[in-house]
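Chemist: coords below, sequence missing:
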Ligand SMILES: Cc1cc2nc3c(=O)[nH]c(=O)nc-3n(C[C@H](O)[C@H](O)[C@H](O)COP(=O)(O)OP(=O)(O)OC[C@H]3O[C@@H](n4cnc5c(N)ncnc54)[C@H](O)[C@@H]3O)c2cc1C
């Protein structure tokens, strides 16, 4: 149990899952916490929006939890809202030889493999799968690329159909020989077939957390971007668009690029580590349709098959459409470098690119089915874990006393996710309480 720190003043930059989880524990331990959020709502990348007539909010970027997400489940318990977690078992399909195949359980995965591949491939899949699922020893796996390891252990055929498309889709052809195997280990190690959400959507969960934080006396300043953090004789100053604040400790939960701008006094070696972190952005189009497009939730799409996006997610095959005014809700998403042309296109232009792709899911699909379009873009959306990544990560405690940096890149070896953000935020709160003393 961390000792209460009455009077400790902590400034937190960002009201996403990391910032709010840290604020929650710090405030409960007696610290005086202020949160600065550049955007107009809490939730960060997990935030949602609500169209007219919708009872629930919808995540701007598709989101779900896994049943192994113990930090989220624990936080929901602490907040007294465990009964609002929901765990449906939606259908996931992959595209293979021009058709869709269910690929989401201990029944459908073996059936797919036995139907389309030699028995030896099936056995290799089982052996490599069991090794990844049950071994906790991820460290040696970061010294080898995911492409190399999976080619060797699953065999060329399965690599070509399962892992290569996933790696190319998520990180691009140019990063195929860069992403380390610990990343794939982390995915296969923890994922479950039941997928979780919160009654009302992720935004409702984030707002429940924000309310609990505010109830502890924390001020959450929305629409208040931090411009710079600077050391002062007693601690730290956060300069914002409103009044600057003075703190004993500062936690920044921004992207590494934003951190470089925020804290110009960071030593060169730490700045180099921030600069060295690689990532991709995300462009996601949300469509409401008059008709149902498919019968599955998640569609994994190989880039080779010529789809204009990486994933098609029919949200209302997961969550009942009655919560969205009866609309059918579909996401088309892709991970892309920030200079990709999709970042420059407006919604109509992007829809024109995506329409031929949508037709391939359902020949009856027609432009007239589209009721509304929203496009959401984020430049820092998917960290790229390269070989021996752990040695390159900037420490959460920066070399400047009292300044902490906690981003999606640092939840490694886990892939970024709200569960790991919450875990990191809570661990960081405990660390700050141990390490920082209030100014006398
Ligand atoms: C396409 C996509 C799909 C995803 N799918 C899932 C999923 O299925 N399940 C899951 O659990 N997770 C998913 N995630 C990941 C999840 O959203 C992130 O892991 C999580 O939001 C990270 O939380 P964070 O608080 O660290 O960062 P963020 O959510 O990015 O929050 C950081 C906050 O800091 C604010 N900020 C930035 N700069 C400043 C500044 N200068 N001043 C003030 N505020 C600032 C931002 O506005 C933001 O609100 C997905 C992400 C994407 C992009």
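Modeler: It's in. Note that the structure is a prediction, hence the values are computed from the model and not measured.
Chemist: what does the stretch 101-250 of the chain have sitting close to the ligand?
Modeler: 225-226 (CB under 6 Å from any ligand atom). The way it works is simple: take the backbone N, C-alpha and C, and place the C-beta from them, glycine included.
Chemist: low-confidence ranges, the stretch 101-250 of the chain, go.
Modeler: For the stretch 101-250 of the chain, no stretch has pLDDT under 70.
Chemist: could you pull out the helices for it?
Modeler: For the stretch 101-250 of the chain, the helices defined by DSSP state H, counting those that start in this stretch occupy 108-116, 119-134, 146-154, 156-158, 164-171, 181-190, 202-215.
Chemist: counting by contacts, list what the fifth one packs against.
Modeler: Taking 3 or more CB pairs under 8 Å, 6 or more residues apart in numbering; DSSP states H and E as contact, the helices and strands that helix 164-171 lies on are helix 146-154, strand 298-300, strand 328-336, strand 370-384.
Chemist: TSV for those, including mean neighbour count and distance to residue 364?
Modeler: Output for the helices and strands packed on helix 164-171, formatted as TSV (neighbours: other CB atoms under 10 Å; distance: least, CB to CB, whole Å):
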stretch	mean neighbour count	distance to residue 364
helix 146-154	19	37
strand 298-300	21	17
strand 328-336	23	13
strand 370-384	18	14
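Chemist: packing partners of the helix or strand harbouring residue 357?
Modeler: Per DSSP states H and E: residue 357 is located in helix 347-359. Packed against helix 347-359 by the contact rule (3+ CB pairs under 8 Å, 6+ apart) you find strand 278-289, strand 328-336, strand 370-384.
Chemist: and the second one, how far out from the chain middle?
Modeler: It stands for strand 328-336. Distance of strand 328-336 from the chain centroid (CA atoms, centre = their mean, to the nearest Å) equals 14 Å.
Chemist: and for the last one?
Modeler: Its chain's average C-alpha position is 12 Å from that of strand 370-384, according to CA atoms, centre = their mean.
Chemist: is the ligand within reach of that strand?
Modeler: Yes. Against the ligand, strand 370-384 shows contacts by CB under 6 Å from any ligand atom at 378, 381.
Chemist: what's the mean pLDDT across that strand?
Modeler: Throughout strand 370-384, pLDDT has a mean value of 97.
Chemist: partners of that strand, with directions?
Modeler: strand 278-289 (antiparallel) (DSSP bridges).
Chemist: and the partner strand with the ligand, contact?
Modeler: Yes. Counting by CB under 6 Å from any ligand atom, the ligand is contacted by strand 278-289 at 282, 284.
Chemist: still on that earlier bit, can you list the buried residues in the helix holding residue 357?
Modeler: 350-351, 354, 357-358 (16 or more other CB atoms under 10 Å).
Chemist: would you map the strands across the stretch 1-150 of the chain?
Modeler: Under the criterion DSSP state E, counting those that start in this stretch, the stretch 1-150 of the chain contains strands at 9-13, 32-36, 48-49, 58-59, 65-66, 85-86, 92-96, 99-102.
Chemist: pLDDT wise, what is the closest residue to residue 104 other than its chain neighbours at?
Modeler: Using CB to CB, 6 or more residues apart in numbering and skipping the chain neighbours, the partner closest in space to residue 104 is residue 92 (3.8 Å). pLDDT recorded at residue 92 is 94.
Chemist: thinking residue 110 is in contact with residue 119, fair?
Modeler: No. If you go by CB atoms under 8 Å, residue 110 and residue 119 don't touch, sitting 11.1 Å apart.
Chemist: more crowded one of those two?
Modeler: residue 110 (13 against 9; other CB atoms under 10 Å).
Chemist: what sits against the more buried one?
Modeler: Listed by CB atoms under 8 Å, 6 or more residues apart in numbering, the contact set of residue 110 reads residue 122.
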